[in-house]
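Participant: heads up, no residue letters with this:
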């Protein structure tokens, strides 16, 4: 008999300094993080990528992250400690796109998610609506979580993501909304860029629409991504963001 709550999205609440947030995240989502690692071991193996090789690819980002995103790297370390796994394994989850598509063409499907924003002038309520469907792997229904982060300054983020990953789509207490879709181009796999979950997390940390756009524009990315950013006040933009 199927468990009706099997695919329910658990709410993970974290707060405090980066390492404390990460450890709490890892402790609360351990089962889903471990399942996610198992799922991606199979995914990568089907692409002739061993788990050791995947972790090695992910670990190559550590010097860049230590330089550009030390707080988020500390959170990744906290997630690993809380879930009792290696930091390279949590990084591999966050770098899954860079690992799967590391050689360009692959048998992996590249079509999927669809985002939509309706401005206040087009909605019955007069409020902006921003949403997305998430067409990815069926098994990820059992590793997805809703992560709520409360920062020491009171700012809050709510993001739906895969367990162990820093952020995907979501919104924050300043009225900024974000969705993201897969994108692919010939500039991908930039060794001097940072993985997309780090970019999305930084966008959701912003308190203004223009600061969120600035992150999308100026952050050095390792891979292409489509970023749809909205402001509850009634503005939106759709970036096709590529490395460089």
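Facilitator: Looks like it came in fine. Since the model is a prediction, treat every value here as computed from it, not as a measurement. Numbers count the residues shown, from 1 in each chain.

Participant: What count of nearby residues applies to the closest residue to residue 163 other than its chain neighbours?
Facilitator: Counting by C-beta to C-beta, 6 or more residues apart in numbering, residue 163 lies nearest to residue 32, which is 3.5 Å off, once chain neighbours are set aside. The C-beta positions use only the backbone N, C-alpha and C, and glycine is treated the same way. Residue 32 has 21 neighbours, counted by other C-beta atoms under 10 Å.

Participant: wait, residue 32 sits on residue 139?
Facilitator: No: Residue 32 lies out of contact with residue 139 (C-beta atoms under 8 Å); the separation is 11.2 Å.

Participant: now the residue nearest to residue 163, what's its secondary structure?
Facilitator: helix (DSSP: H, G, I helix; E, B strand; the rest coil).

Participant: How confident is the prediction for it, by pLDDT?
Facilitator: On pLDDT, residue 32 comes in at 96.

Participant: With residue 108 instead?
Facilitator: For residue 108, the model assigns a pLDDT of 61.

Participant: what do you get for the one 5 residues further on?
Facilitator: At residue 113, the predicted lDDT confidence score is 82.

Participant: and what of residue 64?
Facilitator: With respect to pLDDT, residue 64 has a value of 96.

Participant: Tell me which residues of stretch 168-186 come out buried.
Facilitator: Going by neighbour count (16 or more other C-beta atoms under 10 Å), the buried part of stretch 168-186 is 168-172, 174, 176-184.

Participant: From the chain's centroid, how far away is that stretch?
Facilitator: In this view, stretch 168-186 has its centroid 9 Å away from the chain centroid, taken as C-alpha atoms, centre = their mean, to the nearest Å.

Participant: Low-confidence stretches in this structure?
Facilitator: 1-7, 104-112 (pLDDT under 70).

Participant: All the strands of it, residue numbers only.
Facilitator: 11-15, 114-118, 129-133, 144-150, 156-162, 169-172, 176-182, 225-231, 235-241 (DSSP state E).

Participant: looking at those, which is closest to residue 50?
Facilitator: In terms of C-beta to C-beta, the element of the strands of the chain nearest to residue 50 is strand 156-162, at 20.8 Å.
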